[in-house]
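> Model the structure of this input:
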Amino acid sequence: MEENQDLFQFEDPQEENLNLEDNVDNQDIEDIYEEEDFNNTDNPEPEPDYISRLLEARGFKDKVIQITDENGETSNVNFDDLSDQEKFDLLSDHEESTLPSDEELKTLNFLRTNNMTLEDFAKWQREQGVQEYLASQSPITEFDEFTDDEMIAYDFIQRFGEEMSDEEIDAEIDRLKADPDAYAKRVNLLRASYKSEAEAQSKLYEQEEQTRNQAAEEEFKTAYINAAGNINYIHGMDLDNNDRQELLDFVLTKDAANRTGLSKALDNPESVLKMAWYLLHGEETYDNTVDYFKKEIAKRSKENNTRVINRARQT
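Model (predicted):
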């Protein structure tokens with residue numbers, strides 16, 4: 001196949017005898033650019049006032065700034081009348097106030113991670129504050145309230161019981177008071193000893209109580225885990241292990257505020273009423289819905305079969 005040499009033909013400028021100077025009538029090229037209005041300078045578009053737009057977006061309309069003086073009186077000042085430093089401070093302060101601080105971001109992430117509301121967070125903070133305060137305080141026992149004489153009398157009663165009468169205890173106290181320094185030292189030693197014993201007993205009781213609570217919690221968890229393993233379906237819907245785990249997490253898993261999803265739901269009256277309705281009527285409503293759709297499916301199937309039979313007979 002021969003190539004078509006006529007598709008692209010370039011003419012020699014010399015054959016056209018082009019003369020640039022003749023085409024422009026010997027007018028200087030610079031004069032042409034000066035006469036042409038390429039930039040349309042007659043009606044230039046005004047530059048947008050970005051400062052006004054920024055101020056208006058931040059609530060300062062028409063560049064009006066409301067200022068409160070030391071006496072609490074407010075007045076309106078135009079932004080243009082402010083000094084450069086005042087303008088900079090105003091824009092800088094407002095810019096910073098619109099961005100959350102690192103502490104605020106931490107709080108938001110904490111709420112999101114623990115699925116807590118602001119009310120839950122406030123309650124948790126109060127509880128944390130109480131616990132930290134109690135932990136920082138030295139335990140106070142009844143021995144801190146005893147007078148010196150009562151401390152000595154208590155010691156005699158603990159050691160001798162009814163073998164010493166009140167008169168004998170009072171006489172012994174008077175005898176010991178004859179040496180004030182020795183008496184004060186004896187009182188302090190007894191107070192510290194009995195207080196230390198009381199604190200040890202208190203810690204032992206707390207440990208026993210904690211052990212009992214942990215055992216009860218484990219028993220509680222075990223009961224729910226066993227119950228979840230025995231539930232294979234709810235209202236005709238099969239449950240797999242992921243479904244069971246989701247239910248257990250809602251009932252058993254605690255957040256940073258020591259709250260479970262179930263405990264939060266029980267704090268909401270509407271949620272409680274919804275749960276009560278499902279317990280009372282949920283299964284019956286589901287069964288009725290399933291029966292209705294079964295009947296509708298059977299009805300539609302019968303109608304389709306009838307149409308097919310009639311169509312076959314017609315053919």
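> I'd like to know the average pLDDT value across stretch 281-295.
Taken as a whole, stretch 281-295 has a mean pLDDT of 84.
> residues making contact with it?
Residues outside stretch 281-295 that contact it (CB atoms under 8 Å, 6 or more residues apart in numbering): 235-236. All C-beta atoms are positioned from the backbone trio N, CA, C, and that covers glycine.
> Can I get that stretch in PDB, CA atoms only?
C-alpha atoms of stretch 281-295 as PDB (Å, rounded to 0.1, in the frame of the first residue of the first chain):
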ATOM      1  CA  HIS A 281     -44.200 -10.300  74.400                       C
ATOM      2  CA  GLY A 282     -41.100 -10.700  72.200                       C
ATOM      3  CA  GLU A 283     -41.300 -14.500  71.700                       C
ATOM      4  CA  GLU A 284     -45.000 -14.500  71.000                       C
ATOM      5  CA  THR A 285     -44.700 -11.500  68.600                       C
ATOM      6  CA  TYR A 286     -41.800 -13.200  66.800                       C
ATOM      7  CA  ASP A 287     -43.700 -16.500  66.500                       C
ATOM      8  CA  ASN A 288     -46.800 -14.700  65.100                       C
ATOM      9  CA  THR A 289     -44.700 -12.900  62.600                       C
ATOM     10  CA  VAL A 290     -43.000 -16.100  61.400                       C
ATOM     11  CA  ASP A 291     -46.400 -17.900  61.100                       C
ATOM     12  CA  TYR A 292     -47.800 -15.000  59.100                       C
ATOM     13  CA  PHE A 293     -45.000 -15.100  56.600                       C
ATOM     14  CA  LYS A 294     -45.200 -18.900  56.400                       C
ATOM     15  CA  LYS A 295     -48.900 -18.600  55.500                       C
END
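> Do you have the helices of the stretch 201-315 of the chain handy? List them.
For the stretch 201-315 of the chain, the helices defined by DSSP state H, counting those that start in this stretch cover 241-252, 261-266, 269-277, 283-314.
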